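1. give the three-dimensional model of this entry:
(2 chains)
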Amino acid sequence: MPAALPPFGFEDLFDNAPCGYLILGPDGRIEMVNSTLLGWVGRTREELIGKKVPELLNIAGRIFYETHFAPLLRMQGFLNEIALDLKSAEGKRLQVLVNAIERQDVDGQPVATYVVLLPASERRRYERDLVDARTKAEAGLLAEREVSEWREQFIAVLGHDLRNPLASITGAARMLLGEPLSEKGVRIVALMQGSVTRMAGLIDNVLDFARGRLGGGIGLVRDANAPLEPVLVQVVDELRAGALERKILAEYSLTEPVLCDRGRIGQLVSNLLGNALTHGAADEPVRLRAFTETGILEISVANGGVPIPEKVYPNLFQPFFRGEGHGSHQGLGLGLHIASEIAKAHDGEITVVSDQTETKFTFRMPTAAP
Amino acid sequence: MSIETRNNLNIRGSGDRAIIFAHGFGCDQNMWRLVSPAFEGDFQTILYDHVGAGGSDLSAYDPPKYSTLSGYADDLVEIGNMLDLNGAIFVGHSVSSMIGILASLKVPGMFGKLVLVGPSARYIDDVDYIGGFSQDDIDELLGSLADNHMGWSAAMAPVIMGNPGRPELGEELSNSFCRTDPKIAQEFARVTFTSDNRADLRHVTAPTLILQCREDIIAAENVGDFVRRNIQGSRLVLLDATGHCPNLSAPNEVIAAIRDFV
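-> The predicted structure is shown next:
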């Protein structure tokens, strides 16, 4: 004969709900427990009535219950989503999430506590995986940071060590020019000075690129008060000194103050001029034009020669991009990239137009902060 | 940063004598909310949070300093010095019993009397000593703390704020109830449950009252009795309260016992 089904309703819901139920007395002792929970922990009702919740927990859970669960429940009257481990009679663990609410009399004294327990083993595993993943990610980040600090230091030292001998060569070349020199000697010193200028520019570009890639970006020290023109004149003079046979025509009309990092703008112009000298036709002049007009600074550098093929336009400002030909005069392919980064840092941009007549790079930026 | 902010100092009441309450592991000064008001009529009451707990300044948490209970005791001494405490009454719950003892040894005279609620000089069993826990138990505890802070740190506050049954829990409290940075909580648990202050007890000279609960698995009766035997002249009162937090479960009994002693 089949066993009679229990009457469906609240009592059966309490006893056979798909979650564990406990009702605790005012002293925290178990007064009622449902069959679902008894099944989980493998205990009889008689064993649990009159006991306290820690009886069902592992030792860590007991400490947690006494130091967090019980006091918090008393203070705020409820608890949600507390993770605990139930210990069964056979010593097995069951991870559960626990909610509890304290029922109080009119004076706020606890009368009973209702506790609901839901199995949460899968969830706990998932959460622990997440915590593990986060711990790993944090460790990775820390290691990455160490490497990056080391690299930053390396770059600083490298920059210093590379620039020092260059400064000595510059000084020596200047001293040589004070000596009586043959015509050939003067030309050789000019070549040396040109190489030094180019080398200094390369070092700046490499260091800036490495720093930018490390997340430092192009640092700016903006100043609207000091004039920009002398800086540009000096850049042009340096490049002229290294390319005596080339003609650089410069035209300045800087009438408005420009809020910019003058050293950086000098570097930008030096890169554009260097690019024009390298890739432009040797028998045509390089034309620099720098002017301000209604809140805009515009500096253009133009050269003659073979136009840039349209298909490489999108790659011009990419790092390590190098045009065709000219073997030994090729740089690292960082000049235009750094120039465009400097432009961006100034809220400006560099555009290019290239045809049979000329190839012209134009830098535009607002003279004042936006 | 001021000590007031660092330790979320709350001074109330009026009276010639000061009584300072220190909370234990797991919560903050709210632990004393049912006890400290009873002393405001005739005492200056001082409540504070250990750095890392409740409304303390988490940025002040300096891992090396707080890797021992002595670091916490230094904070207590600083509070005492700032308030010019002399002969004050110290009431410490759980691990703060030992923090108070350490502070009283650093500056004799700052505390005239000590009240230790559920004290334990060592939680882990040792040769000829039963603290109640093994090292494995404590390691497991640290793991279970990690499990719980997942849900706590982010989700607890809004839930508490939406509790219509307890309107007295204002926004201020709801955001700080036993809240703590999970990493700090773990570290405080480690410091608490691996501490060994048995050798400090015999140096205590201040009159000391021990309040011992029944069925306290954190600090069982034998543990409280060890403290009593090792502090010369100390008294132990066995409360009717059960568990580890009589300041919440039986505040009136705790108040009466303290009153009787001071």
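
2. where does the stretch 201-350 of chain A dip in pLDDT?
-> A:212-217, A:323-332 (pLDDT under 70).

3. switch to 80 and redo it
-> A:208-220, A:241-244, A:320-333 (pLDDT under 80).

4. now swap in the stretch 1-150 of chain B and tell me
-> Scanning the stretch 1-150 of chain B with the threshold set as pLDDT under 80 gives B:1, B:143-150.

5. and it, which residues reach chain A?
-> Within the stretch 1-150 of chain B, the positions near chain A by CB under 8 Å from any CB of the partner chain are B:24-27, B:30-31, B:33, B:94, B:133, B:137-138, B:140-141, B:143-148, B:150. In short, each C-beta sits where N, CA and C put it, glycine included.

6. so which residues of the chain form helices?
-> Unless you meant another one, I'm taking chain A. Remark: helices assigned in chain A by DSSP state H are A:10-16, A:35-41, A:45-48, A:59-64, A:70-76, A:121-177, A:183-213, A:229-242, A:262-279, A:335-345.

7. try chain B instead
-> Under DSSP H, chain B gives helices at B:3-6, B:69-82, B:95-106, B:135-161, B:171-174, B:182-193, B:198-201, B:221-230, B:246-249, B:251-261.

8. next one: whichever residue of chain B sits closest to chain A from A:I155, what distance?
-> Nearest residue of chain B to chain A: B:G26, at 3.1 Å (CB to the nearest CB). Distance of B:G26 to A:I155, given as CB to CB, to the nearest Å: 49 Å.

9. who's more crowded, those two?
-> Shown here are B:G26 and A:I155; by other CB atoms under 10 Å in any protein chain shown, B:G26 has more neighbours (29 against 18).

10. residue contacts, that one?
-> By CB atoms under 8 Å, 6 or more residues apart in numbering or on different chains, the contact set of B:G26 is A:E66, A:T67, A:H68, A:P71, B:S94, B:C178.

11. report the contact partners of the residue nearest to the fifth one when sequence neighbours are not counted.
-> Of all residues beyond its chain neighbours, the one nearest B:S94 is B:G24 (2.8 Å), with distances taken as CB to CB, 6 or more residues apart in numbering or on different chains. With contacts taken as CB under 8 Å, 6+ apart, B:G24 has the following neighbours: A:T67, B:M31, B:G92, B:H93, B:S94, B:V95, B:S96, B:G118, B:T192.

12. my read: B:M98 touches B:P119, true?
-> Yes. Between B:M98 and B:P119 there is a contact at 6.8 Å, judged by CB atoms under 8 Å.

13. can you count the residues close to the closest residue to chain B within the stretch 251-370 of chain A?
-> In the stretch 251-370 of chain A, the residue that lies nearest chain B is A:A345 (32.8 Å; CB to the nearest CB). The criterion is other CB under 10 Å. On that basis, A:A345 has 19 neighbouring residues.

14. looking at it, it is touching A:I265, isn't it?
-> No. Using CB under 8 Å, A:A345 makes no contact with A:I265, being 10.5 Å away.

15. quick one, domains of chain A?
-> Listed by automatic domain parsing, the domain ranges of chain A are A:16-119, A:132-217, A:219-370.

16. using JSON lines, lay out the ones you listed together with distance to B:I46.
-> Listed next are those as JSON lines, based on distance: least, CB to CB, whole Å:
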{"stretch": "domain A:16-119", "distance to B:I46": "20"}
{"stretch": "domain A:132-217", "distance to B:I46": "38"}
{"stretch": "domain A:219-370", "distance to B:I46": "50"}
